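> Output the structure for:
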Amino acid sequence: MFRRTFWFTAGAAAGVWATTKVNRKIKQLTPESLAAQAADKAIETGHKLKDFALDVRDNMVRREAELGGALGLEAPVDPDLPVQRHHAVEAADPAHPNTYRKLPYNSNNRNEDH
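Residues are numbered from 1 along each chain as shown. Below you'll find the predicted structure:
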C-alpha cells in the first residue's frame, strides 16, 4: 500500500511540475510577451550604443589633447608673433565679413539620370 501511495504522489508531483513549466513557456511565447522582450532588448541595445558613443567621444577628446600637447599646439603663443588665422573659406567681400563665396557646383557624377 505504501508503495502505491508513493508512486501516485510522485506521479502527481511530476505532472504538476511539467504542467507549470509548459504553461510558463506558453506565456513566454505569446505575441505580447515576445513584443515586450523585443522592446526590452532594443532599449538595452540603445543604452549600450549610447555608452559606447560616449566612451568613444571621451577617448577622442583625450587623444586629441595628447596629440596637441605632443605637437606643441597647446603651447603658449609668443606675443611678438602675428596671429595666424586659418579660414576654410575666404570672405567674399571684406566689407561684409559674414558673407562667404560659394564654390561652383559642377557635377561630374556619371550615374545621374539625364
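> Next, the buried residues of stretch 42-60.
For stretch 42-60, the neighbour count (16 or more other Cβ atoms under 10 Å) marks no residue as buried. Where C-beta positions appear, they are placed from N, C-alpha and C, glycine not excepted.
> any idea of the mean pLDDT in whatever helix or strand residue 26 lives in?
Taking DSSP states H and E as the definition, residue 26 sits inside helix 2-28. Averaging pLDDT along helix 2-28 yields 94.
> Past it, which element shows up next along the chain?
Scanning forward in sequence from helix 2-28 by DSSP H and E, the next helix or strand is helix 31-71.
> could you give the angle of that following helix to helix 2-28?
60 degrees (axes from the mean of the first three to the mean of the last three Cα atoms, to 10 degrees).
> Counting by contacts, list what helix 31-71 packs against.
In terms of contacts (3 or more Cβ pairs under 8 Å, 6 or more residues apart in numbering; DSSP states H and E), helix 31-71 is packed against helix 2-28.
> Go through the helix holding residue 26 and flag the buried ones.
Going through helix 2-28 with 16+ other Cβ under 10 Å, nothing comes out buried.
> by contact count, what packs against it?
Here helix 2-28 touches helix 31-71, going by 3+ Cβ pairs under 8 Å, 6+ apart.
> swap the cut-off to 6 Å and go again
Helices and strands touching helix 2-28, by 3 or more Cβ pairs under 6 Å, 6 or more residues apart in numbering; DSSP states H and E: there are none.
> That's all I had, so thanks and see you.
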